[in-house]
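Asker: Sequence unavailable; structure follows:
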């Protein structure tokens, strides 16, 4: 199994080879995905920008998530993840944008348990979303698992270009 650094280096090499730029829109990971990418020297020729949209107002103001979507579905939903990814792509010069929104814990509810994380992936070919139930692993472990998953989504998207 590759280390996180090796996985991110693979992502960066793949994006460089294809001339792709990346953007992130992060809520529960609080910028971890962008931080992990920029930990690698030379990432500036791939990582275009990151949005840390922890609050609903940041989601609305920075990347255009609609208040109606937030009110109707809640911040932890594929609908919001879709708008976050679309907004990150629209408000950047990136080719691919990933979004992360979830319940890192502790806590959660019957309807939105701890460890539920929704992802969005936007590119010129469209937007896909998914929800992953990481379980009540504890805040740090959920956030790490979510960031790793976001990186794997970026790699899959970059390979498809």
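Answerer: Okay, I see it. Everything quoted here is computed from the prediction, not taken from an experiment.

Asker: so who does the residue minimising distance to the centre of the chain touch?
Answerer: The structure's the chain has its C-alpha centroid closest to residue 99; by C-alpha atoms, centre = their mean the separation is 2.8 Å. For residue 99, the contact set (C-beta atoms under 8 Å, 6 or more residues apart in numbering) comprises 24-27, 81-82, 84-85, 88, 119-122. Placement of C-beta: from N, CA and C, glycine included.

Asker: same check, this time on residue 84
Answerer: With C-beta under 8 Å, 6+ apart, residue 84 has these contacts: 25, 27, 51, 53, 59, 63, 65, 99, 101, 120.

Asker: Just give the closest residue to it, not the sequence neighbours.
Answerer: residue 99 (3.5 Å; C-beta to C-beta, 6 or more residues apart in numbering).

Asker: what do you get for residue 26?
Answerer: Using C-beta to C-beta, 6+ apart, the closest residue to residue 26 is residue 100 (5.0 Å).

Asker: any idea whether the one you found is helix, strand or coil?
Answerer: Under DSSP: H, G, I helix; E, B strand; the rest coil, the three-state class of residue 100 is strand.

Asker: please begin residue numbering at 93 from this point
Answerer: From this message on, residue numbering opens at 93, which makes the last subject residue 192.

Asker: pLDDT at it, what is it?
Answerer: As predicted, residue 192 sits at a pLDDT of 98.

Asker: ditto for the one 5 residues further on
Answerer: Listed pLDDT for residue 197 reads 93.

Asker: so it, which of the three states?
Answerer: coil.

Asker: burial count for it?
Answerer: Using other C-beta atoms under 10 Å, residue 197 has 21 neighbouring residues.

Asker: Could you do residue 220 as well?
Answerer: 17.

Asker: That one looks like it's in a strand, true?
Answerer: Yes. Per three-state DSSP, residue 220 lies within a strand segment.

Asker: can you pull the contacts of it?
Answerer: 212, 213.

Asker: swap the cut-off to 10 Å and go again
Answerer: 170, 173, 174, 177, 211, 212, 213, 214, 245, 248, 249 (C-beta atoms under 10 Å, 6 or more residues apart in numbering).

Asker: Most neighbours out of those residues, which is it?
Answerer: residue 173 (31 neighbours).

Asker: helix/strand/coil for that residue?
Answerer: Classification of residue 173 by three-state DSSP places it in helix.

Asker: Okay, it and residue 182: tell me how far apart.
Answerer: 15 Å (C-beta to C-beta, to the nearest Å).

Asker: Please apply the same query to residue 103.
Answerer: 22 Å.
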